[in-house]
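Q: quick one, what's the 3D model for this:
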Amino acid sequence: MGNSSSKILVVDDIKDWQITLSGVLQDRGYIVATAGSMADAIKLLEENKDDLALLDLRLYETDEDNVDGLRLAESIRDRWPEVKLIIVTGYGTPEILQKAMQPDSDRKRLADSYLPKDNTDKLVETVESILGKQ
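A: Numbers count the residues shown, from 1 in each chain. The predicted structure follows:
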């Protein structure tokens with residue numbers, strides 16, 4: 001059921017994914033902004049005070065280690081700990097996903113959830129669950 005007061009940032013270097021994910025969320029009534037880079041994402045978060053961010057794990061084709069999304073997640077957690085984070089990726093290895101989802105010594109996880117790109121039919125359900133709207 002979306003909530004027009006919830007703001008979501010979609011961060012992906014591939015424009016088609018930005019369009020696909022944001023379109024699904026906008027159809028559910030969410031206010032959605034998109035970014036194609038870490039710098040753009042940080043700028044939009046400063047301006048919009050988003051409630052949730054969907055972060056692609058691999059933000060640049062040159063990111064062969066698939067860690068730029070995790071770096072961005074760490075930045076967001078440091079500056080805006082209240083922003084919920086969902087990692088959306090087609091490159092998730094068990095090690096990287098463990099780093100994103102394993103609680104740290106303070107019992108905090110880097111990401112609130114993980115969604116494989118080949119399972120985006122669960123996008124709305126995952127977003128609503130994280131935002132507490134189910």
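
Q: residue ranges for the helices of the protein, please.
A: 15-27, 38-48, 68-79, 94-101, 123-131 (DSSP state H).

Q: and the ones you listed, which one's lowest on average pLDDT?
A: Of all the helices of the chain, mean pLDDT reaches its minimum on helix 94-101 (a mean of 67).

Q: state the distance from Leu45 to Val11.
A: According to C-beta to C-beta, to the nearest Å, Leu45 and Val11 sit 10 Å apart. From N, CA and C alone the C-beta is placed, and that goes for glycine too.

Q: need the overlap of contacts for these two.
A: Residues touching both Leu45 and Val11 by C-beta atoms under 8 Å, 6 or more residues apart in numbering: Ala53.

Q: re earlier: for Ile86, which of the helices of the chain is the nearest?
A: Closest to Ile86 of the helices of the chain is helix 123-131 (C-beta to C-beta; 6.2 Å).

Q: could you tell me the angle between the closest one and helix 15-27?
A: Relative orientation of helix 123-131 versus helix 15-27 (axes from the mean of the first three to the mean of the last three C-alpha atoms, to 10 degrees): 70 degrees.

Q: other SSEs contacting helix 123-131?
A: On a contact count with 3 or more C-beta pairs under 8 Å, 6 or more residues apart in numbering; DSSP states H and E, helix 123-131 meets helix 15-27, strand 52-56, strand 84-89, strand 113-116.
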